[in-house]
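1. predicted coordinates and the sequence they were generated for:
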Amino acid sequence: MPVAANWTALDGINAVGALAVTTTEVPSASLDVAIAAGNFRSTWSSVVSYAGIASQAMTASQTNYLYLDATGTLVVNTTGFPSGSFYVPLAIVATGSSTVTSITDQRIVCGAVNVQSQPTMGAATAGASYTSVEEGMLNTLWSVVRSLGLGT
C-alpha cells in the first residue's frame, strides 16, 4: 500500500502514549475525543492515576481546553487553562459545527504547571554529594532516558 494512502490514519494517531487526546474516529465524524489513561505527579510525593475516557464531547465551533486538576478530574472548557493553580495540560481541541478540526497536544513531558514546592537540583560541584531528593530525581531521569533508548 502506498504511503500516501496511510496519511489519514497516521494523522489520527499522531498523539500517542499516556494522557494522549485523539479523535474517536478517523477522520473525525463527531465532536468527540478520547483520552488515554495515564499517571501524573500531583505534588512531589503524590502520583495520581487517570482512567481515561472513550468519548468526551467538545463544544461545537469553539476552542476547547482539556486538562486534569490535581485530583485527576478532567476539565473541559472554552475559556483557557487556569492561572495560579495546579493542572496538567492535555490538549487544545478546535471544532467546527459538527467535527473536531484539530488537536494540539499540550502535554508536558515530566511536568505540570503551577506545581507547588517542586524540588530542584542544587548546584553540584566536583566532590559534592546530592541530597536524597536530588538523587531520586537523577535516578528517575536516568530511568526515563534508558527507557527511551538514549542511555547506555
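-> Perfect, thanks for sending it. It should be emphasised that the depicted structure is a prediction, and the values quoted were computed from it without experimental measurement.
2. quick one: the nearest residue to residue 36 once chain neighbours are set aside and residue 85, what's the gap?
-> Closest residue in space to residue 36, ignoring its immediate chain neighbours: residue 20 at 4.5 Å, by Cβ to Cβ, 6 or more residues apart in numbering. Every residue, glycine included, has its C-beta placed from N, CA and C. To residue 85, residue 20 is 23 Å away according to Cβ to Cβ, to the nearest Å.
3. those two - which one has more neighbours?
-> Between residue 20 and residue 85, counted using other Cβ atoms under 10 Å, residue 20 has the larger neighbour count: 21 against 11.
4. pretty sure the more buried one is touching residue 105, no?
-> Yes: contact criterion Cβ atoms under 8 Å: residue 20 and residue 105 qualify, at 7.3 Å.
5. so what's the residue nearest to residue 36 up against?
-> Contacts for residue 20 (Cβ atoms under 8 Å, 6 or more residues apart in numbering) come out as 35-36, 105, 107.
6. if you set the cut-off to 10 Å instead, what comes out?
-> By Cβ atoms under 10 Å, 6 or more residues apart in numbering, the contact set of residue 20 is 13-14, 33-38, 52, 90-91, 103, 105, 107.
7. just the pLDDT for it.
-> The confidence metric pLDDT takes the value 91 at residue 20.
8. how about residue 82?
-> 93.
9. wait, it touches residue 69, no?
-> Yes: counting by Cβ atoms under 10 Å, residue 82 touches residue 69, with 8.2 Å between them.
10. between the two, what contacts are shared?
-> residue 75.
11. strand partners of the longest strand anywhere in the chain, parallel vs antiparallel please.
-> Of all segments of type strand in the chain, defined using DSSP state E, the longest is strand 88-95. Using DSSP bridges, the strands paired with strand 88-95 are strand 63-68 (antiparallel), strand 100-105 (antiparallel).
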